[in-house]
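J.: sequence first, then the predicted structure:
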Amino acid sequence: MERPKTVLVTGGGRGIGAAIVEHLLDRGWDVAFCGRKPGSELAARVEALARRSGRRVRYVEADVAVRSDRERLLATVLAAFGALDALVNNAGVAPEVRADLLDLTEASYDRVMDTNLKGPFFLAQAVARHWAAGGAGGAIVNIGSISATVASVNRGEYCLSKAGIAMMTRLFAVRLAPLGINVYEVRPGVIASDMTAGVREKYDRLIAGGLTLQPRWGEPEDVGRAVAMLLAGDLAYSTGQVIQVDGGLEIQRL
C-alpha cells in the first residue's frame, strides 16, 4: 500500500495559507503547517481539519525568519510523518507601515526580507538537502506576488522580497531538476485576506475601474486550487514556471 504523501505549508494558519492547507487535505495529502501563533490557539482548528478530512494534520509554532525555528520545524515534521514530499513556501508579512520609498527604514526592510525571502530560501535549501541525501521529495511551490513586477513605492521592501522569490524559484528549479524535483511559483494578484483588509476601499475602486480583466477580488481559495493542481503533478513538465492567479491584472492593454 502506497504511503500518504506529506506536505509542509508555511504560514498556514490564516488567509491564503489556510486555504492551501484545506485544498491539499481535500486532495488526500497529510499536512503539516506552521505559523507564529501558539499551538493552543490552533488546536481546535487542527482537530476540525483532521476530523473533516480524515488526514493527519500537524501544526508547529515556528517563525521561518529564525534559523533555529526552521531547523526545529523540519525535524518535527520528519519525526511526526516519517517523510516529506513537498514544501509550500507561503509565509509572508507586509510592511507594518506603508512608507514612501524615501522614508523606508532598515528595520522594516530587514523584517520583511527576513520573513518573505531569507526564511523561504533557507527552508527550501534545508528541504532540498534532505531530499538530495536520499529523502523522497517531489516539489516546491513558492507563493510570490504580482508585486514582483508591479512597483508600489509605498511598500518597496515587499516588492523586493517578492522579486527575490521569483529568482529563487528559477534558481532552485535549475539546481533541483537533475534530482527530479520540480519548483514553481504561484503569483497571486489582489487577494481578499487580512493582509489587504486595510486597503479594501482602494482596490474596490480600482477593480470597478477595470484593474483586472475578471472584475472581482481574488479569494484565498483561488490560490489554494492552483497549489493543489501543481502538487498533483498536473504540470509535471513545467518546472520553474510562474502560475498567475491575478484575474488578468498583468495583461497589458491598450
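T.: Received the coordinates, thanks.
J.: only C-alpha atoms from now on, for both contacts and neighbour counts.
T.: Will do.
J.: which residue ranges of the stretch 151-254 of the chain form strands?
T.: 182-188, 242-245 (DSSP state E, counting those that start in this stretch).
J.: neighbouring strands of the first one in the sheet, and parallel or not?
T.: In other words, strand 182-188. Partner strands and pairing direction for strand 182-188 (DSSP bridges) are strand 139-143 (parallel), strand 242-245 (parallel).
J.: what pLDDT does the spatially most central residue of the chain get?
T.: Taking CA atoms, centre = their mean, the centroid of the chain lies closest to residue 90, which sits 1.8 Å from it. Turning to residue 90, the model gives it a pLDDT of 98.
J.: start at 39, not 1
T.: Okay, using 39 as the starting number, the last item reads as residue 128.
J.: list the contacts of it.
T.: When contacts are counted by CA atoms under 8 Å, 6 or more residues apart in numbering, residue 128 touches 47-50, 54-55, 180-181.
J.: kindly recompute the last result at 10 Å.
T.: Neighbouring residues of residue 128 by CA atoms under 10 Å, 6 or more residues apart in numbering: 46-50, 54-56, 58, 72, 154, 158, 179-182, 224.
J.: might you list the low-confidence residue ranges for the stretch 39-188 of the chain?
T.: 39, 173-175 (pLDDT under 70).
J.: what are the boundaries of the strands in it?
T.: Assigned by DSSP E, counting those that start in this stretch, the stretch 39-188 of the chain shows strands spanning 44-48, 68-73, 95-99, 124-127, 177-181.
J.: can you redo the ones you listed as CSV with distance to residue 255?
T.: Output for the strands of the stretch 39-188 of the chain, formatted as CSV (distance: least, CA to CA, whole Å):
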stretch, distance to residue 255
strand 44-48, 23
strand 68-73, 25
strand 95-99, 29
strand 124-127, 23
strand 177-181, 18
